[in-house]
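> predicted model and sequence follow; I will ask about them next.
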Amino acid sequence: MKGNTPLLEMKEISKSFPGVKALDHVSFDLFPGEVHVLVGENGAGKSTLMKVLAGAYPKDEGEIFINGETQSRWSPTAARAQGVAMVYQEFTLLPFRSVAENIFLGREKTLAGLFLDKASMHQEAGKILKSIGVDVDPRVSVLELGVAEQQMVEIAKALAMDARILVLDEPTSALSLREIEQLFSTVAKLKKNGVGIIYISHRMEELKQIGDRVTVMRDGQLIGTREVADITIDEVITMMIGREINELFPRHHCQPGEVALSVKGMKSGKKVKNVNLEVHFGEIVGLSGLVGSGRTETARAIFGLDHMTADDLEILGKKYKHIDPSLAVDIGVGLIPEDRRRDGLFPILSMEKNLVMVCLRKIFPNGVMKPSVEKKTATEYVKKFDIQPPALDRIVHHLSGGNQQKVVIGKWLAAKPRVIIIDEPTRGIDVGAKSEVHSFMDRLANSGHAILMISSEMPEILGMSDRIYVMHEGKVAGEFPRGTDSEEILRCAMGVN
Amino acid sequence: MKANNGKQLRQFILEKVPTVTWILIVMMIYFSASNSNFLTFANAANLCRQGAILLILCLGVIVVKITGGIELSNGAVMSLCGMVLAWVMVNMNMPPYLAIIISMLVGILFGTLNGIFVTFMGIPSFVATLGTQGIAVGLALGMNNGNVIGGLPEKFSIIGNDNFLNIPIPLWAIILVFILTSVLLNKTPFGVYVYALGGNEEALKLSGKPAWLYKVLAYSYSGLTAGIAACILTSRNMAAQPTVGLGMEFEAFAGAVLGGSYIAGKGTAMGGVLGGIFILILRNGLNILGIPTYLQLAIFGTVLITAIVLSTLVERRVQKMRDEEREE
């Protein structure tokens, strides 16, 4: 394999977004018939690198070579023309149409340039599917297929476009064991046909099963590329972490009080399979895990946004069989969501309206609003959180990310919750606002609130939490005390041991 | 496998046959039993002539509906096409065949306008087509100061009133438009793209196709059907009336929804026709039973909502059966 010209070579690629260096001189290559596994923590830069490869993001610096030839103009069209195909976690299939129509979407075979040549489309589709060892009738509609089969159709679609570089992004995250085997045998067939495969995965055991080489990324940088045969899983994990915590977290630990929230055997939808957790008053509990492990869904279920069942759900000393958001607010639970622009704010309303939105019923029990009371309440929280500029009539859409996050937190505190679930408290906000948010959380906990904090940032989890739960594939897989090192948490999140 | 046959058959019936078919059959039995005038040749022929316009409009709407859009302008556009058609024949002495082509072009123009508003200006189709409706109504009324245009050439009445091979020409028109729509949707790449627009527009864009173009064309097609319907209607009445299509867009839309495309990316020409027939027969049956007009409106609305709810329930049931099957 070595000595050949690589199918793909990405040299010293850099890419910045405002405030973040997402890729810092990353080099990556791929040979024909090779499975090159790309691993890294959430936010390590894997997706950004793949988006540069697909032409979706323009690169700031660096070069891309295909078959040794430098590519001066790189765009989605150029990427497609050079045989780069992505199979995303979210499928791009038409559910009500046949498999063949999906495989040939945009490149239909026609008779006289006018009419669909369904017979030859079915035949061709059948051939492609057979070549990757998939037994699916090209005539059936995609709706009738299982998730794994749909994924095969996505792969077949890529192959019909003459893909030579195939990116599989977490292809096994939604598959059962048997389906994974099917996928792997397909991957083996593709390798034999000389296709190069970039395989992004969080599952370490898969690395050994199908990978030829592995590249580890961390914080937008290339940490190393190794032969899979020469490296142990432990070494890979060490490469993934290897970061010292250089941020200071203002957590002043205090003695936790009574149990504020207790969940046993909770299930919800497809992502939450078995969650057991407890949060005490005066405590910040971190909920860690990889993207897709069901953390956000757990928060939504506790808050009653999604249907859930639990063996036992106890909030503030009372047992509940069912819960819905309105009840949750009434009994003193607040949910500060992950995507504040979409779920947390009314972007075109003023700061004042946003701040009083949740506590309206509490401050106006008879249902009639008084502007003076509204203003007083809003002012209180603007001062408390030092929201800049302190202009109540400012439309929140125009505030900075950090100030928007303060508005979201403020609006929930105005409703005086005792249990606060906070999902990614500092995502996308600058360092100054970050430490302010952390101080609020510290003070809230020490004044007797119970806080469940979901975070994808390992330093935040380690620095802020008094206790840490780790989720893996919809289950709470482990509980760790403060002071646990990140390696142990990451191993648990990845389901190793 | 054998034990599953009954279940598969049930699933096939629920899935492939539009729900409206069953409701239609029940309704026809009810009307036939209640009044002997319903199931007569005269009534059927009458229905064909009257119904051609609605069915043709339904076939246009269903195409827009499959892309995920809403079409509320075709009633007004049809009125306008009729006015233009009569105007060029009466005031410019244009031969009918040329006038018919112009009528269709006006329809296509307005449909294309809808498409452009929706794709380039990013206006929701509901609002865009409502706006076009206003423009078309205004122009139709303005053309002859709100008056009817009469005195059309004698031979123009052939289209709406004569037979060809013993079949009324409007029925031929339905058959032709039906075949055209069917072929477009099922046998051409355009059809695939129409379904793709409704099913997953992103997928179509990712496959490197100009999604906007096909969306505009879908609206243009609906405009064309309004132009065709205008010819039949004007010929039947031998006059063009500026408000004749008022309310028609609602019936055509309801027909298209009933035909099984209340979900974007789904629907067939057959479904559109069946939905249209459902509306026609309901209206006709209520008339024959002698139910007062105001009550008719209320019943009409109730039956419509019931039919849509039933279709939705069936849809959910099928989905559930499929999920269960997969779990096994």
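Perfect, thanks for sending it.
> near chain B, which residues of the stretch 51-200 of chain A are found?
Residues of the stretch 51-200 of chain A that fall close to chain B, judged by CB under 8 Å from any CB of the partner chain: A:77, A:80, A:92-97, A:101, A:105-108, A:110, A:114-116, A:143-144, A:146. For the C-beta atoms, the positions are set from N, CA and C on the backbone; glycine is no exception.
> neighbours around the closest residue in space to residue A:413 that isn't next to it in sequence, how many?
Nearest residue to residue A:413, sequence neighbours excluded (CB to CB, 6 or more residues apart in numbering or on different chains): residue A:381, at 6.7 Å. Applying other CB atoms under 10 Å in any protein chain shown, we find 22 other residues in the vicinity of residue A:381.
> before we move on, back to that, okay, and which of the residues of the stretch 51-200 of chain A next to chain B map to helices?
Within these, residues falling in helices by DSSP state H are A:77, A:80, A:101.
> can you redo those residues as CSV with pLDDT and neighbour count?
Shown next, in CSV, are those (pLDDT from 0 to 100; neighbours: other CB atoms under 10 Å in any protein chain shown):
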residue, pLDDT, neighbour count
A:77, 81, 11
A:80, 83, 20
A:101, 89, 26
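> which of those sits closest to residue A:455?
residue A:80 (36.7 Å; CB to CB).
> any idea how far residue A:9 is from the closest one?
Distance, residue A:80 to residue A:9, using CB to CB, to the nearest Å: 18 Å.
> for the residue in the stretch 301-450 of chain A that chain B sits nearest to, give its distance to residue A:363.
Going by CB to the nearest CB, chain B is nearest to residue A:307 of the stretch 301-450 of chain A, at 15.3 Å. From residue A:307 across to residue A:363, the span is 31 Å (CB to CB).
> pick out whichever of these two has more residues nearby.
The residue with more neighbours, out of residue A:307 and residue A:363, is residue A:363; 15 against 11, by other CB under 10 Å.
> tell me the contacts of the more buried one?
Going by CB atoms under 8 Å, 6 or more residues apart in numbering or on different chains, residue A:363 touches A:356, A:373-374, A:377, A:414.
> switch the cut-off to 10 Å
For residue A:363, the contacting residues are A:356, A:369-370, A:373-374, A:376-377, A:414-415, by CB atoms under 10 Å, 6 or more residues apart in numbering or on different chains.
> tell me how many other residues crowd the closest residue to residue A:379 other than its chain neighbours.
Nearest residue to residue A:379, sequence neighbours excluded (CB to CB, 6+ apart): residue A:392, at 6.8 Å. Around residue A:392 there are 17 other residues, counting by other CB under 10 Å.
> now swap in residue A:367 and tell me
Residue A:367, neighbours per other CB under 10 Å, totals 7.
> closest residue of chain B to chain A?
Residue nearest to chain A within chain B: residue B:207 (2.9 Å; CB to the nearest CB).
> quick check, pLDDT for the nearest residue to that residue once chain neighbours are set aside.
Nearest residue to residue B:207, sequence neighbours excluded (CB to CB, 6+ apart): residue A:106, at 2.9 Å. Residue A:106 is assigned 81 on the pLDDT scale.
> residue A:106 and residue A:94 touch, don't they?
No - using CB atoms under 10 Å as the test, residue A:106 is too far from residue A:94 to be in contact (11.4 Å).
> which residues are common contacts for the two?
Contact criterion CB under 10 Å, 6+ apart; residues shared by residue A:106 and residue A:94: B:192, B:196, B:203-204.
> show me the residues you listed that map onto helices.
B:192, B:196, B:203-204.
> near chain A, which residues of the stretch 151-300 of chain B? Just list them.
Neighbours of chain A within the stretch 151-300 of chain B, by CB under 10 Å from any CB of the partner chain: B:183, B:186-193, B:195-200, B:202-209, B:211, B:263-267.
> same thing but 7 Å
Proximity of the stretch 151-300 of chain B to chain A (CB under 7 Å from any CB of the partner chain) is limited to residues B:187-189, B:192, B:195-196, B:199-200, B:202-204, B:206-209, B:265-266.
> of all of chain A, which residue lies closest to chain B?
Closest approach between chain A and chain B, counting by CB to the nearest CB: residue A:106, at 2.9 Å.
> list phi and psi for that residue.
When read as degrees, to the nearest 10, the backbone of residue A:106 gives phi 90, psi -10.
> OK, contacts around it?
Applying CB atoms under 7 Å, 6 or more residues apart in numbering or on different chains to residue A:106 gives the contacts B:204, B:207-209.
> specify the local secondary structure of residue A:172.
coil (DSSP: H, G, I helix; E, B strand; the rest coil).
> buried only: go through the residues of the stretch 151-300 of chain B next to chain A for me.
Buried members of these, counted by 16 or more other CB atoms under 10 Å in any protein chain shown: B:187-189, B:192, B:195-196, B:199-200, B:203-204, B:206-207, B:209, B:265-266.
> just flag the most distant two among these.
Most distant of these, by CB to CB, are B:187 and B:206, 24.1 Å apart.
> count the neighbours of residue 297 for me.
No chain in the question, so chain A it is. The tally of other residues near residue A:297 (other CB under 10 Å) stands at 21.
> was after chain B, sorry
Residue B:297: 11 neighbours (other CB under 10 Å).
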